[in-house]
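>>> next one to model:
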Amino acid sequence: MRVLLSTYGSRGDVEPLVALAVRLRALDAEVRVCAPPDEEFGQRLAGVGVPLVPVGPSARALATSAPPPTSLPERAAMLIASQFEAIPPAAEGCDAVVATGALPAAAGARSVAELLGIPSVSVTFQQLTLPSPHHAPLAYPGRPLPPGVTDNRALWDLDARYVNELFGEALNANRASVGLPPVADVRDHVVGDRPWLATDPALDPWRGPADFEVVQTGAWVLPDERPLPVELEAFLDDGAPPVYVGFGSMRVREGVADAVVSAVRARGYRVVVARGWADLGEDLDGCFVVGEVNHQALFRRVAAVVHHGGAGTTTTAARAGAPQVVVPQLADQPYWAGRVAGLGIGAAHDGPVPTAGSLSAALDTALAPGTRARAAAVAGELRGDGAEVAAELLVDLVGREGSAVSTRD
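The predicted structure follows:
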């Protein structure tokens, strides 16, 4: 069996595919991954013996450029076109395609799978892209949701219109160029009738109902066996557990890291700062600065994790039993901040720009003994088999599709 895993996004979009690829290979499947050409993604995949098929421009360059080099529809058109260019040769001989990441890229990937007659699965790592009466959709830059509209179904109808306006022309132009018919609803084309939600049910329960069946596999996490750097181990051993501060792939505003570090130090804690895509730590004296590191091991050694609220970081901290302070920057991050606060495993900062003062209450909550006890209890409820579940589902899907073809023949 051969499977193509396709994404476009940050490390949080690529890392789950690493876990799925490893589980698929354990089932004797051949796996390829289409992802942005960033060096860190290629190295991560090479480390588990999976080839990277580069697609589109550097995700890091797009995420950290200010202002963005092109408008959202222009970037979407570029991503869609890159899928139509890269995926056909990469999917040659494949039995299934897994499409995830940025919506326009996933739309392109599913269209190419349709062209090649290969079954495809739509996957999301957070449920806010799945229409539901229980939550509102995410707002697109320049397309805010009307503040006076509170009915979620009405907001999802508006979301469908926005998606078509932003991405429909480019998608259908590329589909027409290869002889595919146009799609009337881009979002429905991406979501399909049986999308997969790759999040942990205890951390992110799917409430439903919806107009389609949602398969919640659990989060796709690969156990990280890498040792921590010797210097970091020595720092951790040389005092009380520090507080971790990191914002992943976010381009954080000036002064944010300084404010967080000042608030942490005011409580007498040492600080570990992750550089991330914002290159934090260059001007933060006295902090231990880390680059690529085993977060699973590190988060088990810290007093708390202060972060942006990406799905991957939130899940990793929750699995480690580390109390969290989430300072959400954009997209689904306010949702994850709310989940952390709602579960009692940390605190949510109100807004993306903290000050030393505004973080005080959040840190007090996260560093309280009761929060650590609650975080430890929730960690014991989280599953670790999401990638295995997804791999077995893919094997079943390919088997069913193959049987259907044999029957028709």
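>>> quick check, Leu103 in contact with Arg187.
Yes. Leu103 lies in contact with Arg187 (C-beta atoms under 8 Å); the separation is 7.4 Å. C-beta here means a position set from N, CA and C on the backbone, and glycine is covered the same way.
>>> which one's more surrounded, these two?
Taking other C-beta atoms under 10 Å, Leu103 and Arg187 do not tie; Leu103 has more neighbours (26 against 22).
>>> quick one: neighbours of the nearest residue to the more buried one once chain neighbours are set aside, just the number.
Nearest in space to Leu103, with sequence neighbours left out and distances taken as C-beta to C-beta, 6 or more residues apart in numbering, is Val190 at 5.7 Å. For Val190, the tally of surrounding residues (other C-beta under 10 Å) stands at 26.
>>> again, but for Ala184
11.
>>> repeat for Pro51
13.
>>> contacting residues around it?
32-33, 45 (C-beta atoms under 8 Å, 6 or more residues apart in numbering).
>>> part of a helix, is His189?
Yes. Counting by DSSP: H, G, I helix; E, B strand; the rest coil, His189 falls inside a helix.
>>> go ahead and confirm Pro278 touches Arg253.
For the record, residue 278 is Ala, not Pro. No. Ala278 lies out of contact with Arg253 (C-beta under 8 Å); the separation is 9.4 Å.
>>> which one's more surrounded, these two?
Taking other C-beta under 10 Å, Ala278 and Arg253 do not tie; Ala278 has more neighbours (21 against 13).
>>> grab the nearest non-local neighbour of the more buried one.
Nearest to Ala278 is Val252, by C-beta to C-beta, 6+ apart, at 5.0 Å.
>>> check Ser120 too.
Of all residues not flanking Ser120 in the chain, Ala113 sits nearest, at 3.7 Å (C-beta to C-beta, 6+ apart).
>>> what residues are up against Leu27?
Taking C-beta under 8 Å, 6+ apart, one finds 1, 391-392, 395 in contact with Leu27.
>>> just the buried ones from those?
Buried members of the contacts of Leu27, counted by 16 or more other C-beta atoms under 10 Å: 1, 391, 395.
>>> ok, and the closest non-adjacent residue to the first one?
Setting aside the residues directly before and after it, Met1 is nearest to Ala29 in space (C-beta to C-beta, 6+ apart), at 4.5 Å.
>>> surely that neighbour is in contact with Arg2?
Yes. Counting by C-beta under 8 Å, Ala29 touches Arg2, with 6.8 Å between them.
>>> run a quick neighbour tally on the residue lying closest to Thr355 once chain neighbours are set aside.
Leaving aside its chain neighbours, Thr355 sits nearest to Ala259 (5.2 Å; criterion: C-beta to C-beta, 6+ apart). Neighbour count for Ala259, taken as other C-beta under 10 Å: 18.
>>> check the one 5 residues further on too.
By the measure other C-beta under 10 Å, the count of residues near Val264 is 27.
>>> element containing it, please.
helix 256-265 (DSSP states H and E).
>>> can you map out the helices along the stretch 151-300 of the chain?
Counting by DSSP state H, counting those that start in this stretch, the stretch 151-300 of the chain has helices at residues 152-163, 169-177, 186-191, 230-237, 256-265, 295-299.
>>> ranking helices and strands of the chain by mean pLDDT, which lands last?
Using mean pLDDT, DSSP states H and E, the weakest-scoring helix or strand in the chain turns out to be helix 386-408, at a mean of 78.
>>> hmm, back to that, common neighbours of Leu103 and Arg187, please.
Common contact partners of Leu103 and Arg187 (C-beta under 8 Å, 6+ apart): Val163.
>>> residue contacts, Val221?
Counted by C-beta under 8 Å, 6+ apart, Val221 has contacts 16, 19, 315-316, 319, 384, 386-387.
>>> please disregard the earlier target; I meant Gly142.
Leu72.
>>> against which helices or strands is the helix or strand the residue nearest to Ser120 falls within packed?
For Ala113, the element it lies in under DSSP H and E is helix 103-116. Other elements packing on helix 103-116 under the criterion 3 or more C-beta pairs under 8 Å, 6 or more residues apart in numbering; DSSP states H and E are strand 2-6, helix 72-90, strand 96-99, strand 120-124, helix 169-177, helix 186-191.
>>> how far does that helix sit from its chain's centre?
Helix 103-116 sits 19 Å away from the centroid of its parent chain (C-alpha atoms, centre = their mean, to the nearest Å).
>>> now that helix: average pLDDT?
For helix 103-116, mean pLDDT rounds to 97.
>>> distance of Ala274 relative to Val264?
The gap separating Ala274 from Val264 is 14 Å, by C-beta to C-beta, to the nearest Å.
>>> can you pull the residues that touch both of the two?
Joint contacts of Ala274 and Val264 (C-beta under 8 Å, 6+ apart) are Val245.
>>> can I assume Pro334 is in contact with Gly309?
Yes. The pair formed by Pro334 and Gly309 meets the contact definition of C-beta under 8 Å, at 7.2 Å.
>>> higher neighbour count, the two?
Neighbours around Pro334 and Gly309, counted as other C-beta under 10 Å, are more numerous at Gly309. The numbers are 29 against 20.
>>> need the three-state assignment for the more buried one.
Secondary structure, three-state DSSP: Gly309 is coil.
>>> which ones are touching it?
Gly309 neighbours (C-beta under 8 Å, 6+ apart): 326-329, 332-337, 340.
>>> take these and keep only those in strands.
Val326 (DSSP state E).
>>> residues in contact with Tyr269?
240, 242-243, 303, 367.
>>> now swap in Arg383 and tell me
With C-beta under 8 Å, 6+ apart as the criterion, the residues that contact Arg383 are 200-202, 218-219.
>>> buried only: go through the residues you listed for me.
200-201, 218-219.
>>> let me know the closest of those residues to Arg400.
Closest to Arg400 out of the buried ones among the contacts of Arg383 is Gly218 (21.4 Å), distances taken as C-beta to C-beta.
>>> ok, back up a step: ok, the residue nearest to Ser120 to Gly192 distance?
11 Å.
>>> of the two, who's got more company?
Per other C-beta under 10 Å, whichever of Ala113 and Gly192 has more neighbours is Ala113, with 23 against 15.
>>> if I look at that one, how far off is Pro181?
Distance from Ala113 to Pro181, by C-beta to C-beta: 15 Å.
>>> kindly report the same for Val3.
Where Pro181 is concerned, Val3 sits at a distance of 26 Å (C-beta to C-beta).
>>> what about these two, which has more around it?
Comparing Val3 with Pro181 by other C-beta under 10 Å, the one with more neighbours is Val3, at 27 against 9.
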